[in-house]
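Novice: model the following, please.
(chains A, B, C and D)
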2 protein chains.
Amino acid sequence: MKSTIPENGVPLTRPAGNGGAERTEPSLHGEILSRLRDYVVEGNIAEGARVPERQLCELFGISRTPLREALKVLAAEGLIELLPNRGARVRQLSRRDIEELFEMMGGLESLAGRLACETITDEEIAKIERLHYEMYGYYLHRHMHNYFQANQRIHEKIVAAARNETLSATYANFAGRIRRVRYSANFARKRQRWGEAMREHEAILDALRRRAGSELSDILFHHLRAKRTAALEHLDEAGDGVQAQEIDRGVSQR
Amino acid sequence: MKSTIPENGVPLTRPAGNGGAERTEPSLHGEILSRLRDYVVEGNIAEGARVPERQLCELFGISRTPLREALKVLAAEGLIELLPNRGARVRQLSRRDIEELFEMMGGLESLAGRLACETITDEEIAKIERLHYEMYGYYLHRHMHNYFQANQRIHEKIVAAARNETLSATYANFAGRIRRVRYSANFARKRQRWGEAMREHEAILDALRRRAGSELSDILFHHLRAKRTAALEHLDEAGDGVQAQEIDRGVSQR
DNA sequence: GCGGGGATTTTTGCATTCATTTTCTGGACA
DNA sequence: TGTCCAGAAAATGAATGCAAAAATCCCCGC
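Specialist: Sure, this is the predicted structure:
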């Protein structure tokens, strides 16, 4: 059959028992798309660097056709950019891009909060409260990583409570795009910002309990606006070394 | 009944001088993507119907490879859906899909309004005011089509005033998905709803003049919520005849 | 030592080909 | 007459081939 494909570490066919969390992608294209997206989101290719078609084909054990299809989709998602006759590059997020993405996240969470207030159940709120106190514990112990994860899950729960699949999918898309930025920004988060964030989260919970949609919408927007500010500050501080390499990546008009 | 594609005037090979207003897409893939997206959005293929690869290849004068790449992207955009080993179909919007899309539009416009209030200039507001009075004229004369277009342009201006390219692109994407629904719903719009919409638009302008971001955010959300309700009512009334043809398109659960 | 220009290699974009799967068709049989 | 099944035809998904563009290398002149 596919005897021409060199055997490498990655199995050509999916293992029979797929490993727990991963949802089964029926088509090869779908699976490649997911895998390549993860591969890029997880930072396996440097920002602004070329996406090596040939190597990825070997890595995944496929031909160029499905890989290129996946590249086109990722480009449409905004994760990479396609330069005519010059292949794909991992999209380098400019300062403005990051601003825009945080604003989008703010808008989406704002919407999610508003919608959630319309239909959220007491059980769902209780679940979020539990996550909140868990997060508070990590805050007190200054356990950054777990705090970050609990934080993410709270926001995901709110989005899920909106009961809007389209919104969830869009949210996941944008979340993927700024994942690295958010994480590193959170790592550098100052004590002061931590305290603010905790207070904002308390306000979020309060508005959620009262099902105050419009109010929650405002709070979430400003919460994300604050995250944006923190991320940009972090970028300014830590990013000086990165500036140089951001410059020479050439034109990238959309 | 297989041939849903009418023979239209699109030449098989691209004319040397590309036709007028269209922005030049550097790559063939990009051009095919745009053309195919327009082709679908404009309703040239019935909802739920198969997207005939072979015929479209002949129509555009290309091979299957770039066409299939475009199909994958359109599927990611939510315009069509891909059934494994069974090709692409134009996505049939369920009632729930339409609800979700209007909610998304509400969220995006809500965000746009909030952001716009931060940076909009007096000139931009004046421009929107002119459009508003133009629209008011069409309202008085019951000139449905022009009213719809002026309405669209006002909302586009607000989104543009947010100065967020990512938001604009996302907005355009969702607007394309529900274009048909919105338009037909507007056509059926009752007198009463027209009056309401005009009042809402006045409130929008008022909040915009005062740069009351949070307030405008609320107004726009509820404005879109009202549009959603109107669209769904229209669907319930006029959609009875469509129900039958919606049933037998086979499985398509999401 | 350094820069420039042309040939070579690599990469890209699309067309074509090939193996499967699905769908259509026609006929056997209850 | 209706149903089921086998074979043919068509469509799909992915691999490969090929021409053109880009990147790289190499050598020459300065």
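
Novice: tell me the bridge partners for the one residue in chain A that gets nearest to DNA strand C.
Specialist: DNA strand C sits closest to A:G87 of chain A, with a gap of 2.5 Å, by CB to the nearest atom of the strand. No exception for glycine: its C-beta is placed from N, CA and C like everyone else's. Beta-bridge pairing of A:G87 under DSSP bridges involves A:L83.

Novice: from what I can see it touches A:Q55, true?
Specialist: No: between A:G87 and A:Q55 there is no contact under CB atoms under 8 Å: 11.9 Å.

Novice: of these two, which one has the most company?
Specialist: For A:G87 versus A:Q55, neighbours defined as other CB atoms under 10 Å in any protein chain shown are more numerous around A:G87 (14 against 9).

Novice: what residues are up against that one?
Specialist: A:R50, A:V51, A:E53 (CB atoms under 8 Å, 6 or more residues apart in numbering or on different chains).

Novice: out of these, the closest to A:M144 would be?
Specialist: A:V51 (31.0 Å; CB to CB).

Novice: separation between that closest one and A:C57?
Specialist: Computed with CB to CB, to the nearest Å, the distance linking A:V51 and A:C57 is 11 Å.

Novice: so which of those two has more stuff around it?
Specialist: A:V51 (22 against 18).

Novice: ok, now which ones touch the more buried one?
Specialist: A:V40, A:I45, A:L71, A:I80, A:G87, A:A88, A:R89, A:V90.

Novice: so among those residues, which ones count as buried?
Specialist: A:V40, A:I45, A:L71, A:I80, A:A88, A:R89, A:V90 (16 or more other CB atoms under 10 Å in any protein chain shown).

Novice: now, the most widely separated pair of these?
Specialist: Longest span within those, CB to CB: A:I45 and A:L71, 12.0 Å.

Novice: pLDDT score for A:A212?
Specialist: Confidence at A:A212, expressed as pLDDT, is 98.

Novice: so which strand or helix has the residue nearest to it when sequence neighbours are not counted?
Specialist: In this structure, A:A212 finds its nearest non-sequential neighbour in A:C117, 6.6 Å apart by CB to CB, 6 or more residues apart in numbering or on different chains. Per DSSP states H and E, A:C117 falls inside helix A:95-119.

Novice: report all helices and strands that that helix contacts.
Specialist: If you count contacts as 3 or more CB pairs under 8 Å, 6 or more residues apart in numbering or on different chains; DSSP states H and E, helix A:95-119 packs onto helix A:144-161, helix A:165-177, helix A:191-209, helix A:213-238, helix B:95-119, helix B:165-177, helix B:213-238.

Novice: which among those is found nearest to DNA strand D?
Specialist: Short answer: helix A:165-177, nearest of those by CB to the nearest atom of the strand, at 20.6 Å.

Novice: run the chain-centre distance for the closest one.
Specialist: Going by CA atoms, centre = their mean, to the nearest Å, the spacing between the C-alpha centre of helix A:165-177 and its chain's C-alpha centre is 8 Å.

Novice: give me the residue from the stretch 151-254 of chain A nearest chain B.
Specialist: In the stretch 151-254 of chain A, the residue found nearest to chain B is A:T166; the distance is 4.1 Å by CB to the nearest CB.
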